[in-house]
Structure formats: C-alpha cells, structure tokens
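K.L.:
could you work out the structure for the sequence below:
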Amino acid sequence: MKEYTDYPILKYNTFGMDVKASRFVEYSSVDELRAFLFSVDKNQPILHIGGGSNLLFISDFRGIILHSAIKGFTVEDETDEWIDINAGAGEVWDDFVEYSVSHGWYGAENLSIIPGEVGASAVQNIGAYGVEAKDIIHKVHTVCVADASERVFSNEECTYSYRESIFKGELKGRYVVTHVTYRLSKLPCYHLSYGNISSELERRGLEPSLQNVRNVIIDVRRSKLPEPSELGNAGSFFMNPMVTVSKYNELLSLYPDMPHYPIDDNTVKIPAGWMIDRCGWKGRNIGPAGVYQKQALVLINLGGATGRDITNLADEIIKSVKDKFGVEIRPEVNYIY
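P.N.:
Numbering: from 1, shown residues only. The predicted model follows:
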C-alpha cells in the first residue's frame, strides 16, 4: 500500500485541476483495503476515485482519497453461450474492452475508449452508442467503508438506470468497488443502430465484426472528443434529458430536425449536445472555461481554469437550455468540494 500527504492529484483528474488531497492512499488488494478501513478515522471525508474522468474538483480535497491498484482478469464461469470475466477495479476500462474483443467476446465493444477504470463503470453505469455497463455487469464486488466487510451485489441490487446506480444514490460513499464480474456473449450480438456505426461500416466496406465495430467507434469518438492531455475535459459533461412524449411532440413541432431516441411508450431521450449547440454555445468560452468546438456536450479547460470556472460555465448553459427549450439538463460529472 502506498500513502502520501498533501498529494497533487493533477494526474488523477482528466479536467486538469491542479489541486491536492490531504492524504492519498493506493491499495493493491482487498486485504490491504480492508486493513486500512479497519484502522482509519471515519470522521474525516473519504473519497474513492478511479481515473478521475468523471470528476470536477472545485478545490483541494480536505480528506482521504483512495485509489485502487487491483488488477487482473480471470474467468469465473462459462457456458457455450456466455462467459463471466472478473476484472480488478483498478484496470483501465479500455484495456478490459480490448481484452474482451481480442478473445471474441461480445458486449463491451460499443464502450471502447471511454476513459476511466473498471470500478467506475459499475458506479457510473457508463454508456455509449446504445449500450450501458449495466447490460454486461453480472456482479459487483465491494468492501463496506464502515466495517470493512465484503459484499457482492447482483446486477438487480445495483438498481441501474441511465448514468445512475445504488453506488451514486442510496449507498453513495458507503461501499468501495474492488472487482466487477461481466457476463459477455460468445455468440455474435451487435448493437449498430445508435449513431452512425452501421453507416460508417458500410462506407468503409466492412462487415460487422468485434474489431471492426471497435475501430469505427474509436475513430468516431476521437474525431469528436479532445484528448485530456491536450485539453482538460471529462468527456460528456451533461446527461441527455428524458422528456415526456407530450413535451417531445411540443418540441418537435418547433424543431422538426430534432434528433431523439424513444425510451418507452411515455419517454423520449433528447441529445443535450444538440440543444446546447442550438443555444449557440459550441466553440464559445467564458474565460478559461469553454465548450468544445466539435462537440457541444464537452466542456474544456482552455488552460488554468478552476473548478468554479467550469461550474459557472455549466450553470450558464443549463439556464440557456431551460430558457429556450423548457428542458432541464443535469451534469453527468460529479462535483467534488
């Protein structure tokens, strides 16, 4: 176990906030984590982070930051149709996707090059191109912060919904994810209807395959999203709002070209990026905080921005969308004070 005080966490947040943690602890096994939780003073703030790709630090963190270095992929169970892979929470998420694709297992390919680590996939319910982590998560292995006991959550117990889980809601901060078990298909199963995956495969003259789908998604994402090493960002800053069918019909009469994705008979998802773009924010900035010129859903650190600079910009965007469309959008990024 590694432990530091007044530790700079610039490399642990993709927004590039130059902040420090009073104490930073990195563990490499469940036993190390449990031993630490048995002994630590629980009266001080404890925050667990992965790659910091969905966090915005508003200031220095006056408490303990925990980081997992638990690695490894192992087979838990399998049949002729599916395989269960247990992944350490400290593994880079895209390494898991690459591992799955290279073995011919279906389910994770649409989630290629989403930044972050395996543990965060189970907390955030990450998603892209019509697939969410909940679609492949079978079990989530955790340690309780209060008493260091181990607990395994089933997919159902995680109460997943769009970018939400029990670990972000009812049990926020109470459990640390140590491993995630994913159930992947051995049988061909593609999700090509969302975005332009299918048309891009056709344009390239490619048949659907795990590697072809992964390559297309990587290329499309890289064409739209900035590299955090060049422009600090957390990917999609806002969640796509869900509206009632009546609200959707009202908006459609005003904006016939509005993209939309039916969720069920009563609910429609509208891309937040489209609404932000229609409000004229793409490529604009307020001081060192800006909106990426290629994707209005992405807020960027143009250099030297503070967390407050980013939240002030986000607040202005939220107000604009509310005023123009009557729809409230919410940050997907977690603010850390």
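K.L.:
tell me how many other residues crowd Ala314.
P.N.:
The local packing of Ala314 (other CB atoms under 10 Å) involves 21 other residues. C-beta coordinates here come from the backbone N, C-alpha and C atoms, glycine included.
K.L.:
and the helix or strand where it lies, what's its mean pLDDT?
P.N.:
Using DSSP states H and E, Ala314 falls within helix 307-325. Per-residue pLDDT over helix 307-325 has a mean of 98.
K.L.:
against which helices or strands is the helix or strand harbouring Arg221 packed?
P.N.:
Take DSSP H and E as the rule and Arg221 turns out to sit in helix 210-224. Judged by 3 or more CB pairs under 8 Å, 6 or more residues apart in numbering; DSSP states H and E, helix 210-224 is in contact with helix 93-102, helix 197-203.
K.L.:
closest one to Gly119 among those helices?
P.N.:
Of all those, helix 93-102 sits nearest to Gly119, with 9.1 Å by CB to CB.
K.L.:
now the following helix or strand past that closest one, how far from the centre of its chain.
P.N.:
Scanning forward in sequence from helix 93-102 by DSSP H and E, the next helix or strand is helix 118-124. A distance of 7 Å separates the centroid of the chain from that of helix 118-124, by CA atoms, centre = their mean, to the nearest Å.
K.L.:
could you do stretch 249-259 as well?
P.N.:
29 Å.
K.L.:
go on, stretch 181-190?
P.N.:
Using CA atoms, centre = their mean, the offset of stretch 181-190 from its chain centre is 21 Å.
K.L.:
now stretch 257-274
P.N.:
20 Å.
K.L.:
residues in contact with that stretch: which ones?
P.N.:
With contacts defined as CB atoms under 8 Å, 6 or more residues apart in numbering, stretch 257-274 is touched by 194, 236, 238-245, 248, 251-252, 295-297, 321, 327, 329.
K.L.:
check stretch 88-102 too.
P.N.:
Taking CB under 8 Å, 6+ apart as the rule, stretch 88-102 contacts 28, 50-51, 67-73, 85, 87, 107-109, 111-122, 126, 177-180, 182, 184, 210-211, 214.
K.L.:
give me the buried entries from the residues you listed.
P.N.:
Listed as buried from those are 50-51, 67-70, 73, 85, 87, 107-109, 111-122, 126, 177-180, 182, 184, 210, 214; burial here means 16 or more other CB atoms under 10 Å.
K.L.:
quick one on the thing from earlier: can you dump the C-alpha atoms of the helix holding Arg221 in CSV for me?
P.N.:
C-alpha atoms of helix 210-224 as CSV (Å, rounded to 0.1, in the frame of the first residue of the first chain):
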residue,chain,number,x,y,z
LEU,A,210,-15.9,-7.1,-33.0
GLN,A,211,-12.7,-5.5,-34.1
ASN,A,212,-14.3,-3.5,-37.0
VAL,A,213,-17.0,-2.1,-34.7
ARG,A,214,-14.4,-1.2,-32.1
ASN,A,215,-12.2,0.5,-34.7
VAL,A,216,-15.1,2.5,-36.0
ILE,A,217,-16.2,3.6,-32.6
ILE,A,218,-12.7,4.6,-31.6
ASP,A,219,-12.3,6.7,-34.8
VAL,A,220,-15.7,8.4,-34.3
ARG,A,221,-15.1,9.2,-30.7
ARG,A,222,-11.6,10.6,-31.4
SER,A,223,-13.0,12.8,-34.1
LYS,A,224,-15.5,14.3,-31.7
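K.L.:
just checking, next helix/strand downstream of it?
P.N.:
Using DSSP H and E, the helix or strand that follows helix 210-224 towards the C-terminus is strand 232-236.
K.L.:
tell me which residues of that next one come out buried.
P.N.:
So strand 232-236, judged by 16+ other CB under 10 Å, has buried residues Gly232, Asn233, Ala234, Gly235, Ser236.
K.L.:
would you check how far apart Asn233 and Thr5 are?
P.N.:
29 Å (CB to CB, to the nearest Å).
K.L.:
do Asp309 as well
P.N.:
Taking CB to CB, one finds Asp309 at 27 Å from Thr5.
K.L.:
if I look at Met17, how far off is Thr178?
P.N.:
Met17 is 26 Å from Thr178, by CB to CB.
K.L.:
what residue in the chain is the furthest from its centre?
P.N.:
Distance to the chain centre peaks in the chain at Ser253, reaching 32.9 Å (criterion: CA atoms, centre = their mean).
K.L.:
next, that residue: phi, psi?
P.N.:
phi -70, psi -30 (degrees, to the nearest 10).
K.L.:
contacting residues for the closest residue to Pro188 other than its chain neighbours?
P.N.:
Once flanking residues are discounted, Pro188 sits nearest to Tyr106: 6.4 Å by CB to CB, 6 or more residues apart in numbering. Tyr106 sits next to Leu184, Ser185, Lys186, Leu187, Pro188, Cys189, Tyr190, Leu210 when contact means CB under 8 Å, 6+ apart.
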